[in-house]
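K.L.:
need a 3D model of the sequence below.
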Amino acid sequence: MPKILCRTRSQAIKMYYAVNDFLHTRLRLEISEQKSKVVNLKKNSSEFLGFRFKAHLKKTKKRTLYVARSHMTKNALKNAQIKVKQTIKEIQKHQSVENVWHFNTVIMGIQNYYSAASHITDDLTELNYRLHKALFNRLKELRKEATFQDFPKSLQKRYKGYECKYFKIKEMVLIPIHAQRCKINLNFSQIICNYTTVGRDKIHQNLRAINKQTLTRVMKQFIPSRSIEYNDNRISRFIAQYGKCAVTGVELGLDEWHCHHKTPYHLTKDDSYGNLMILHKSVHLLIHLRDLEKIQVLLNSLKLNEKQLTEVNKLRKQCLNEAI
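P.N.:
Numbering: from 1, shown residues only. Model (predicted):
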């Protein structure tokens, strides 16, 4: 059940009984008395989806007002601790790039979800303190000291400004748990809504935009020999392109997609988001081929239009190949 905010206690009580009556008489639903109640946020905190928030008095020169302060709930901290500790045990049991990558993705998932909390840094510092012994005792013989420069470029941008000790296992840097600032939430589209026909259509259109089976394959197909930056940005690129080829616009199947480096990786070692694009495997092959006969065979099967062929030639030149 959502949170309903009112200016006065009397308004809140009226709203509580009105909503309760609507759910009971119209929808035949019963509400939980433990979870549904009227709370004075100036005196007590309220919990919602893992967040705990409360109104705090703030005095300024011109006026006195209340501001909302939010934290992770105690249960959220406890669950995060259990989840991260499990990934630490996995690394201790089997020292692989995949397990280190899994640890990093769990940390980033927690950071991303709770980044809306105003005091998220304090909460994650508390989480880091709780996990300090497990990190030290279980991984002390496996980890090596690292520097900020050992992070891939995308993570350097994300964690810039945090001064702490960095460690790496299997040449992959462990992400610092506490390193997350509060992010101000952007307003969402008012059209998207579960309770109107137009709103539901908008949700369904967004869901239909990407082939879910192919996306699941992309997300699960971790490549150990490549960097975490490449594995993450490849997924982001696939979603940004709605699972379609960047040249032909064709929706890609389970085994039809390839991830292409615009500027060859062997020249720049660049796995950044901007240097990647998702292509149909035949288009990807066409960009790299130099055999004229094989190129002609692919051109006959793909039947590219003038605009698509221009894009292919542009990508070929970036790969230091001649235009077709």
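K.L.:
how is the protein partitioned into domains?
P.N.:
9-44+53-70, 74-173, 197-318 (automatic domain parsing).
K.L.:
tabulate those domains (CSV), appending mean neighbour count.
P.N.:
(Each C-beta comes from the backbone N, C-alpha and C, glycine too.) Shown next, in CSV, are the domains of the chain (neighbours: other Cβ atoms under 10 Å):
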stretch, mean neighbour count
domain 9-44+53-70, 11
domain 74-173, 16
domain 197-318, 15
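K.L.:
make a markdown table out of those and add mean pLDDT.
P.N.:
Below are the domains of the chain laid out as a markdown table (pLDDT from 0 to 100):
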| stretch | mean pLDDT |
| --- | --- |
| domain 9-44+53-70 | 84 |
| domain 74-173 | 88 |
| domain 197-318 | 86 |
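K.L.:
now render the ones you listed as TSV, adding distance to Lys183.
P.N.:
Formatted as TSV, the domains of the chain follow (distance: least, Cβ to Cβ, whole Å):
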stretch	distance to Lys183
domain 9-44+53-70	12
domain 74-173	4
domain 197-318	17
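K.L.:
please enumerate the strands of the stretch 201-324 of the chain.
P.N.:
257-261, 276-280 (DSSP state E, counting those that start in this stretch).
K.L.:
among the ones you listed, which comes closest to Tyr16?
P.N.:
strand 276-280 (49.6 Å; Cβ to Cβ).
K.L.:
hmm, who's touching the closest one?
P.N.:
230, 233-234, 237-238, 241, 243-248, 250, 252, 256-262, 287 (Cβ atoms under 8 Å, 6 or more residues apart in numbering).
K.L.:
in helices, which of the residues you listed appear?
P.N.:
Tyr230, Asn233, Arg234, Arg237, Phe238, Ile287 (DSSP state H).
K.L.:
reformat those as TSV; add distance to Gln156.
P.N.:
Converted to TSV, those look like this (distance: Cβ to Cβ, whole Å):
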residue	distance to Gln156
Tyr230	15
Asn233	14
Arg234	19
Arg237	19
Phe238	23
Ile287	29
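K.L.:
still on that earlier bit, for Lys3, which of the domains of the chain is the nearest?
P.N.:
Across the domains of the chain, closest to Lys3 is domain 9-44+53-70 (Cβ to Cβ), at 8.9 Å.
K.L.:
gap between the closest one and the chain center?
P.N.:
Mean-position distance between domain 9-44+53-70 and its chain equals 31 Å (Cα atoms, centre = their mean, to the nearest Å).
K.L.:
start and end of that domain, how far apart?
P.N.:
21 Å (Cα to Cα, to the nearest Å).
K.L.:
do stretch 253-268 as well
P.N.:
Span of stretch 253-268 from end to end, Cα to Cα: 30 Å.
K.L.:
identify all contacting residues around that stretch.
P.N.:
Against stretch 253-268 from outside (Cβ under 8 Å, 6+ apart): 211, 213-214, 217-218, 230, 234, 237-238, 243, 245, 270-271, 274-281, 284, 287, 315, 318-320.
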